[in-house]
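Peer 1: one predicted model, sequence on top.
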Amino acid sequence: MKRTCMAVLSAALFSLTAQAAESVNIANWSGYIADDTLAEFARRTGIQPTYDLIDSNETTEAKLMTGGSGYDLVSPSNHFLPRLIKAGAIQALDRSKLPNWNNLDPKLMQLLQASDPGNRHAIPYMWVTTGIGYNVDKIKAIFGDTDVTQSWQLLFNPENIRKLSACGVAFLDNPTQVLPITLKVLGLDPHSERPEDLKHAEAALMAIRPSISYFHQSKYVSDLANGNICVAIGFSGDVLQAMNSAQQANNGVHLGYSIPREGSTVAVDMVVIPKAAPHLDAAYAYLNYLLDPQVMAHISNAVKYPNGNAASLPYVDPALRDNPAVYPPQAVLDTLFPIQTLSPAGMRLSTRLWTRVISGK
């Protein structure tokens, strides 16, 4: 799940022929596609894609709710689907136009029925866990080993995080992820919207707030890679990208990623067709292209995230496929819990809480 805060940008491909050719308008997260994915789609189909970057689920939802986004395909996260479906903002899919549908992972599709009953409106793209990205050498220097990274107490114990503050601690600026994790650490229902439970979560976060260097959606990726911070709550794929950057730079920074034993969140970025999609046939052509196992494997290999296409696994780079940080073993999968949609009241409470935590007041 990418959360890179960027302005919405449009990058039309093949500008000399775009006006004359059939086209498809796609909106997706930044850094979430292989360099040649769009060009190969255009080569295969003759359809010219226009690719926009989205900066948040909230922005995506607002555009889809208006019914006039101009997009043919958009990638909201799974926990936003119920509101979009209820509002009639996205179309039910015609599986007869998706011959590659059977390549999807049946276990993941079962999980996703909580957000999309009958899997009628969306296909999974990439999925993501949230965990701890850390600088191996700096953690060892402070604690003697890296065993401490296997528990959220590394960050939620005020004494532990105080030790880390000198080398830099980053948290995702994402209450949808961090608040359920905080509730879980406290032994509470991670999906709770009870005011008293959220007050406990706020108190726990405020107790460690002085030791948190910053909250951001993406800055931690480069900061981990460059050794500017020693630990971050971040998305699995982002931390893997930081690892690759450090290795390519040969800068002596050694990074690790853990999913703490208390459990963490799992979220799936979906692909949907908006209600008023202007190029419906082209949208189905691109969806079916994404369902091609080799296409999805190639994207996973590029962005370092696991995908929802079970048939793609033989084509995924073994270094990625066999990495438990990317494809966790079943024992770890059993500790994960999906993000759920908040009620309007719960959203208001969590937004106010998060604003106070960010400000430290």
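Peer 2: Noted; the coordinates are in hand. Numbers count the residues shown, from 1 in each chain.
Peer 1: next, the buried residues of the lengthiest helix in the chain.
Peer 2: Ranked by residue count under DSSP state H, the longest helix found in the chain is helix 344-359. For helix 344-359, burial by neighbour count (16 or more other CB atoms under 10 Å) applies to Gly346, Leu349, Ser350, Leu353, Trp354, Val357, Ile358. C-betas here are computed from N, CA, C, even on glycine.
Peer 1: surely the second one touches Leu198?
Peer 2: In other words, Leu349. Yes: taking contacts as CB atoms under 8 Å, Leu349 lies within contact range of Leu198: 5.6 Å.
Peer 1: can you dump the C-alpha atoms of the helix or strand where Ala203 lies in CSV for me?
Peer 2: Using DSSP states H and E, Ala203 falls within helix 195-208. Output in CSV follows, covering the C-alpha atoms of helix 195-208 (Å, rounded to 0.1, in the frame of the first residue of the first chain):
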residue,chain,number,x,y,z
PRO,A,195,-14.3,6.5,22.9
GLU,A,196,-12.7,5.1,26.0
ASP,A,197,-10.6,2.7,24.0
LEU,A,198,-9.4,5.5,21.7
LYS,A,199,-8.5,7.6,24.7
HIS,A,200,-6.3,4.7,25.9
ALA,A,201,-4.7,4.6,22.5
GLU,A,202,-4.1,8.4,22.5
ALA,A,203,-2.5,8.2,26.0
ALA,A,204,-0.2,5.5,24.8
LEU,A,205,0.9,7.5,21.8
MET,A,206,1.3,10.7,23.7
ALA,A,207,3.5,8.9,26.2
ILE,A,208,6.0,8.1,23.4
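Peer 1: quick one: the helices in the stretch 51-200 of the chain, in order.
Peer 2: 57-66, 81-86, 106-112, 136-143, 153-156, 158-164, 175-185, 195-208 (DSSP state H, counting those that start in this stretch).
Peer 1: same list, those, but as CSV with distance to Pro293, mean pLDDT and mean neighbour count please.
Peer 2: Formatted as CSV, those follow (distance: least, CB to CB, whole Å; pLDDT from 0 to 100; neighbours: other CB atoms under 10 Å):
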stretch, distance to Pro293, mean pLDDT, mean neighbour count
helix 57-66, 27, 89, 17
helix 81-86, 24, 94, 18
helix 106-112, 15, 91, 15
helix 136-143, 34, 98, 16
helix 153-156, 37, 98, 20
helix 158-164, 41, 98, 16
helix 175-185, 29, 95, 23
helix 195-208, 41, 98, 16
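Peer 1: out of those helices, which is closest to Asn309?
Peer 2: helix 106-112 (9.3 Å; CB to CB).
Peer 1: what sits up against that closest one?
Peer 2: Asn78, Asn119, Ala122, Pro124, Trp127, Val268, Met270, Gly308, Ala310, Pro338 (CB atoms under 8 Å, 6 or more residues apart in numbering).
Peer 1: now the fourth one. Nearest residue, chain neighbours left out?
Peer 2: Which is Pro124. With CB to CB, 6 or more residues apart in numbering as the criterion, Pro124 has its nearest non-adjacent residue at 2.9 Å, and that residue is Gly308.
Peer 1: and the gap between Ile358 and Leu349?
Peer 2: Computed as CB to CB, to the nearest Å, the Ile358 to Leu349 distance reads 15 Å.
Peer 1: isn't there a helix covering Asp223?
Peer 2: Yes: assignment of Asp223 by DSSP: H, G, I helix; E, B strand; the rest coil places it within a helix.
Peer 1: can you tell me the closest non-neighbouring residue to it?
Peer 2: Ile229 (4.5 Å).
Peer 1: wait, that neighbour sits on Ala166?
Peer 2: No: counting by CB under 8 Å, Ile229 stays clear of Ala166, with 10.7 Å between them.
Peer 1: the more surrounded of these two?
Peer 2: Higher neighbour count among Ile229 and Ala166: Ile229, with 23 against 12, using other CB atoms under 10 Å.
Peer 1: and that one, what does it touch?
Peer 2: Asn135, Cys167, Gly168, Val169, Ala170, Ser213, Tyr220, Asp223.
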